[in-house]
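> What would the 3D arrangement of this be:
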Amino acid sequence: MKKIITLVAIMLITFSATSQNKKAKGNNNDCYIETAVTTFKLSEENKTKLSDLLTERLEQRAAVRRKIKRSEVSKEEGKSKTKTINQTYFKSFADLTGKPKKEIMSFEKETKKKCN
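As a prediction, this is how the structure comes out:
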């Protein structure tokens with residue numbers, strides 16, 4: 001009987017510990033992409049392109065953060081590079097949807113709140 005109670009307690013502790021983990025970034029990206037698909041009525045092809053653009057943006061920004069952390073570039077240079085990466089992403093996103101950049105920026109702010 002003690003073994004069963006111990007086993008149940010271990011299972012409960014394990015379950016509670018794993019359920020407290022934060023959402024994975026992939027879930028946030030999925031939310032972002034699905035919201036973009038419904039908002040801008042994107043086709044499957046454009047959905048794939050947007051996913052690729054978003055992945056590329058996140059990888060490039062992560063690379064810049066790593067360089068800043070390793071002191072390979074200054075924080076100011078990192079901010080400048082990140083700004084360039086974002087501008088390129090938003091221009092590509094606007095071209096993909098056929099919407100003005102201002103509308104894309106508004107979508108970005110709203111979706112950030114919703115998906116985080």
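
> what's around residue 98, how many residues?
If you count neighbours by other Cβ atoms under 10 Å, residue 98 ends up with 8. The way it works is simple: take the backbone N, C-alpha and C, and place the C-beta from them, glycine included.

> Now the helix or strand containing residue 31: buried residues?
If you go by DSSP states H and E, residue 31 is part of helix 25-40. Of the residues in helix 25-40, 28, 32-33, 36-37, 40 count as buried by neighbour count, 16 or more other Cβ atoms under 10 Å.

> Please look at residue 101 and residue 94 and confirm they touch.
Yes - Residue 101 is within contact range of residue 94, at 4.6 Å (criterion: Cβ atoms under 8 Å).

> Please say which of the two ends up with more neighbours.
residue 94 (16 against 13).

> Would you agree that one is in contact with residue 100?
Yes - between residue 94 and residue 100 there is a contact at 6.5 Å, judged by Cβ under 8 Å.

> Not counting sequence-adjacent ones, nearest residue to the residue nearest the centre of the chain?
Of all residues in the chain, the one closest to the mean position by Cα atoms, centre = their mean is residue 29, 4.2 Å from it. When the adjacent residues along the chain are set aside, residue 29 lies closest to residue 54, with 6.1 Å between them (Cβ to Cβ, 6 or more residues apart in numbering).
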